[in-house]
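Enquirer: Kindly return the folded structure for what I paste below:
(chains A and B)
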2 protein chains.
Amino acid sequence: MSPTAKRARTAKDVPYDLIYWPGIPGRGEPIRLVLEEAGASYTDTATTNDVNTVLSQISKKNTGDASNPPHFAPPILKHGDLTISQLPNILQYLGQRHGLAPRLDGEDGGDGAYIVNQLALTVFDGLSNETHDTHHPVSMDLTYEDQQPESLRRADDYRKNRLPKYLGYFERVLAGEASGEGPWLHGGQLTYADIVLFQCLDGVKHAFPKALKTLEDSGDYSGVFKLYEAVRERPKIKAYLESDRRQKYSLGIYRCYAELDEQ
Amino acid sequence: MSPTAKRARTAKDVPYDLIYWPGIPGRGEPIRLVLEEAGASYTDTATTNDVNTVLSQISKKNTGDASNPPHFAPPILKHGDLTISQLPNILQYLGQRHGLAPRLDGEDGGDGAYIVNQLALTVFDGLSNETHDTHHPVSMDLTYEDQQPESLRRADDYRKNRLPKYLGYFERVLAGEASGEGPWLHGGQLTYADIVLFQCLDGVKHAFPKALKTLEDSGDYSGVFKLYEAVRERPKIKAYLESDRRQKYSLGIYRCYAELDEQ
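Expert: Predicted coordinates for the structure are as follows:
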């Protein structure tokens, strides 16, 4: 390691700053869970109700600074001189720093790190983005009420086709040899992809309680639900979930509209 | 570097295999452009019309192998013993191997690599996923014709709000100090994020020719359109675009339905 790289590392021996909307767990929550599991120090604009910091980061006047471009949307993570956005990107960064993913400079040439990134991206596609779109299929600038007929159609497809397809995929990942021993998705070790799957499944449980119960009771996805329990029982995550830092679901990604769930 | 890592690298001195649907450029295309710019050797199931390889990779019976989990959807990249999916993930892998991103083990502690990943993820959100959803706002299992009323609403919002918002964001990135000299998004160097922005903008140009022309003529996004030209003029990319390996847009992500475009 060159002296320059060493200096860069030392400069980052500071807490993380999580910049995300107060009032909803949303896309900030997988980051919080990873930070909690890692036992890392962090500040959080949700805790301090600091919406101005979020707004200034995504302001149309913001063009970033000498080393960082501006950001399209939160979550944003500030760490020393680095400020990055995009949830899967932030988690990859934290996973590398806190042993929650195989190393990119590991003896496997980094292969395991790309596999974990792939799994996390697939969780977000299926259980975060597609879940969000059930109540906003037309426009993010309209309210749910203004796109309810479209939402009913989309939610029906989500419950019947998309959700079982994604859960079936993760069940196959868990059944595969590459998942290794124990409840985890890859290599027999807890990674941030497991934490992401826990959080997104928890959100779906809030939004579609009946549909998810039906899928759980089918027994077809027992590995997925075992992983959910295994993450929830991690001591640091358990303590966090029981603390007042864990926010309630409200009008974010995961919304409980009874008419969109199974009837 | 340990002897194990060295062996892993040597085992990868083989061509890449791109596994993607024949007949549409789709999510395979940013990968092809990066491989072409890098001058890398690769096979392509689109060229050989080998749909069976795609189907076997995503079959419900496939649980992966000893080191790789199965895949939810193509594109999939096979390279030696590694098989990865998820477009942003594949591009990050190739970017590292071919000098089309700052190094993850670089003197900046990898910061630049995460910034480029962030930019590419944002291009995909805005100019690939959201563009796709204009003709499939309700369900991917239904045809466009079966969700046309919803598509008209969604496309209207996309043209008027989302597309200008994303282009405005990339214009701010280009105006920012961190973009460096020249036409590129970050650090004054061509990265895979630039190639991704070119390809996705090219797709939007096909799908919404009138709306994009209006935005181009406004002069508000001149940096974005300069970048588009600069990528198109890269010698290897130019040669590829003129070759018969470059497929025509058809019924993939980018579809030209006149009724969805500006009237």
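Enquirer: Need the residue closest to the centroid of chain A.
Expert: Taking CA atoms, centre = their mean, the centroid of chain A lies closest to residue A:30, which sits 3.6 Å from it.
Enquirer: For that one, give its distance to chain B.
Expert: According to CB to the nearest CB, to the nearest Å, residue A:30 and chain B sit 15 Å apart. For glycine as for every other residue, the C-beta is placed from the backbone atoms N, C-alpha and C.
Enquirer: go on, residue A:174?
Expert: 9 Å.
Enquirer: was I right about that residue contacting residue A:222?
Expert: No. Residue A:174 lies out of contact with residue A:222 (CB atoms under 8 Å); the separation is 9.1 Å.
Enquirer: These two: which is more packed in?
Expert: residue A:174 (22 against 12; other CB atoms under 10 Å in any protein chain shown).
Enquirer: Which residue, neighbours along the chain excluded, lies closest to that one?
Expert: residue A:223 (3.6 Å; CB to CB, 6 or more residues apart in numbering or on different chains).
Enquirer: burial of that neighbour, as a residue count?
Expert: What residue A:223 shows, counting by other CB under 10 Å, is a neighbour count of 18.
Enquirer: Hmm, it is touching residue A:184, no?
Expert: No. At 10.1 Å, residue A:223 does not count as touching residue A:184 under the criterion of CB under 8 Å.
Enquirer: any common contacting residues for the two?
Expert: Overlap of the contact sets of residue A:223 and residue A:184 (by CB atoms under 8 Å, 6 or more residues apart in numbering or on different chains) is empty.
Enquirer: and the lengthiest helix in chain A, what does it pack onto?
Expert: Counting residues, the longest helix in chain A under DSSP state H turns out to be helix A:192-207. With contacts taken as 3 or more CB pairs under 8 Å, 6 or more residues apart in numbering or on different chains; DSSP states H and E, helix A:192-207 sits against helix A:29-38, helix A:87-97, helix A:111-123, helix A:130-135, helix A:209-217, helix A:222-232.
Enquirer: List of residues touching the last one?
Expert: Meaning helix A:222-232. By CB under 8 Å, 6+ apart, the residues outside helix A:222-232 that reach it are A:167, A:170-171, A:174-175, A:182-185, A:190, A:194-195, A:197-198, A:201-202, A:216, A:237-238, A:241.
Enquirer: mind running it again at 10 Å?
Expert: A:33, A:37, A:166-175, A:179, A:182-185, A:190, A:193-202, A:205, A:212, A:215-216, A:219, A:221, A:237-238, A:241 (CB atoms under 10 Å, 6 or more residues apart in numbering or on different chains).
Enquirer: ok, and for stretch A:76-96, which residues are buried?
Expert: For stretch A:76-96, burial by neighbour count (16 or more other CB atoms under 10 Å in any protein chain shown) applies to A:76-96.
Enquirer: Same question for stretch A:231-240.
Expert: A:231, A:234, A:237, A:240.
Enquirer: Now residue A:102: which helix or strand?
Expert: Using DSSP states H and E, residue A:102 sits in no helix or strand.
Enquirer: what separates the residue lying closest to it once chain neighbours are set aside from residue B:135, distance-wise?
Expert: Among residues not flanking residue A:102 along the chain, residue A:112 sits closest, at 2.9 Å (CB to CB, 6+ apart). Computed as CB to CB, to the nearest Å, the residue A:112 to residue B:135 distance reads 37 Å.
Enquirer: All set now, cheers.
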